[in-house]
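Peer 1: Fold the following, please.
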Amino acid sequence: MEIILAIVVASAVIFFGALISMGNERQRKAIDVLREQVVLWAVKDLQIKREKLARDVKVEHPLGWFKNVLSKACSIEGDFQVVEVFESPAVMVCAYSESGKNIFLTPLSPDAIRRLALEKHNRITKFADGNPLSTLPRNVAVKEVSVLNGGFLFDLELPLAWKGLTGRDVPHMDRLWVYELP
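Peer 2: As a prediction, this is how the structure comes out:
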């Protein structure tokens with residue numbers, strides 16, 4: 001009798017556990033769908049607001065714009081100047097006057113730079129082109145700047161600011177990668 005009672009209680013616990021688990025899974029799926037709808041609504045709302053502002057996008061002072069974005073997104077303070085610009089792959093080498101720290105600004109992600117390094121097997125060709133991205137150390141700090149941390153119109157202002165400083169267009173530039181040398 002006690003064994004039958006123990007089996008009934010154990011099976012009831014397992015049955016109710018399974019019911020609770022199924023209910024939790026349904027609730028998780030519903031919350032995921034709701035979260036997805038909220039994200040879609042927020043993106044559409046931003047697109048509507050940006051359409052009104054996109055017509056009037058200008059970058060009067062590109063160096064000041066970069067300084068503002070880098071201080072906001074990467075917590076890099078101080079005055080900096082552009083030391084050198086490379087075209088292929090696109091990179092700006094900048095130096096901060098107070099700390100003497102060098103940073104590289106580029107639209108290439110760390111994965112894209114690794115792929116470029118693998119394509120150039122010969123070490124002589126790496127040093128021949130002079131592009132600093134081909135000789136980046138492994139312990140370099142990397143930060144990504146996008147619309148999320150760079151500003152509401154970052155992806156629209158970035159190509160204008162880049163062209164203002166370098167004189168060159170970079171197509172499809174919506175993110176900026178900041179490589180801080182140690």
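Peer 1: the helices in this protein, which residues?
Peer 2: Taking DSSP state H as the criterion, the chain contains helices spanning 2-54, 62-74, 110-119, 123-128, 147-150, 154-166.
Peer 1: I'd like these laid out as TSV, including distance to residue 92, mean pLDDT and mean neighbour count.
Peer 2: For glycine as for every other residue, the C-beta is placed from the backbone atoms N, C-alpha and C. As requested, the helices of the chain are exported to TSV (distance: least, Cβ to Cβ, whole Å; pLDDT from 0 to 100; neighbours: other Cβ atoms under 10 Å):
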stretch	distance to residue 92	mean pLDDT	mean neighbour count
helix 2-54	24	88	10
helix 62-74	9	88	18
helix 110-119	15	79	12
helix 123-128	19	49	11
helix 147-150	15	81	15
helix 154-166	6	88	19
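Peer 1: for those, which one sits closest to residue 98?
Peer 2: Counting by Cβ to Cβ, residue 98 lies closest to helix 62-74 out of these; the figure is 12.5 Å.
Peer 1: Enumerate residues external to that closest one that contact any of its residues.
Peer 2: 59, 76-77, 79-82, 94, 103, 105, 143, 145, 149-151, 154, 157, 160-162, 164-165, 176, 178, 180 (Cβ atoms under 8 Å, 6 or more residues apart in numbering).
Peer 1: now the angle between helix 154-166 and that helix, please.
Peer 2: Helix 62-74 and helix 154-166 are oriented at 140 degrees to each other (axes from the mean of the first three to the mean of the last three Cα atoms, to 10 degrees).
Peer 1: Tabulate the CA atom coordinates of helix 62-74 in CSV.
Peer 2: Provided in CSV are the C-alpha atoms of helix 62-74 (Å, rounded to 0.1, in the frame of the first residue of the first chain):
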residue,chain,number,x,y,z
PRO,A,62,34.8,66.7,-38.8
LEU,A,63,37.6,66.7,-36.2
GLY,A,64,35.3,68.0,-33.5
TRP,A,65,32.7,65.5,-34.5
PHE,A,66,35.2,62.6,-34.1
LYS,A,67,36.4,64.0,-30.8
ASN,A,68,32.8,64.2,-29.5
VAL,A,69,31.9,60.7,-30.7
LEU,A,70,35.0,59.1,-29.3
SER,A,71,34.7,60.8,-25.9
LYS,A,72,31.0,59.7,-25.7
ALA,A,73,31.4,56.1,-27.0
CYS,A,74,34.9,55.1,-26.0
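Peer 1: Go ahead and measure how far it is from the middle of the chain.
Peer 2: Its chain's C-alpha centre and that of helix 62-74 lie 15 Å apart, by Cα atoms, centre = their mean, to the nearest Å.
Peer 1: Tell me which of the helices of the chain sits nearest to residue 86.
Peer 2: helix 154-166 (9.2 Å).
Peer 1: What is that closest one packed up against?
Peer 2: With contacts taken as 3 or more Cβ pairs under 8 Å, 6 or more residues apart in numbering; DSSP states H and E, helix 154-166 sits against helix 62-74, strand 80-86, strand 91-96, helix 147-150.
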